[in-house]
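**Student:** prediction below, plus the sequence it came from.
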Amino acid sequence: MNMVKSDKSNDAAYISTEINRLKQEHMDLKQQLSGFEGTRYLTSSQQLERRELQKRKLYVKDRIHTLSRRVE
């Protein structure tokens, strides 16, 4: 008997949903980062937070591109 195992990571509907979730997260991160734009000097904790947000935003963008290629 040949049973096909369902793999969420390859399911097109799951990938599409995940891409949409990541796009929303990317927009949220972009909005959070925009809060630092008007600040001339950032405290060390603000600099750290900004750097962490930038890294997360980049990771999310890379993940969106990776998943998008799987759907094509």
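**Tutor:** That came through fine.
**Student:** can you classify the residue nearest the centre of the chain by secondary structure?
**Tutor:** With distances taken as C-alpha atoms, centre = their mean, residue 60 lies nearest the centre of the chain, 2.2 Å away. Following DSSP: H, G, I helix; E, B strand; the rest coil, residue 60 is assigned to helix.
**Student:** what separation is there between the spatially closest residue to it that is not a sequence neighbour and residue 19?
**Tutor:** What sits nearest to residue 60 in space, not counting adjacent residues and going by C-beta to C-beta, 6 or more residues apart in numbering, is residue 26, at 4.8 Å. Just so you know, the C-beta spots here come from the backbone N, C-alpha and C atoms, and that holds for glycine as well. Plainly put, residue 26 is 10 Å away from residue 19 if you go by C-beta to C-beta, to the nearest Å.
**Student:** touching both of these two, which residues are there?
**Tutor:** Shared contacts of residue 26 and residue 19, defined by C-beta atoms under 8 Å, 6 or more residues apart in numbering, are found at residue 64.
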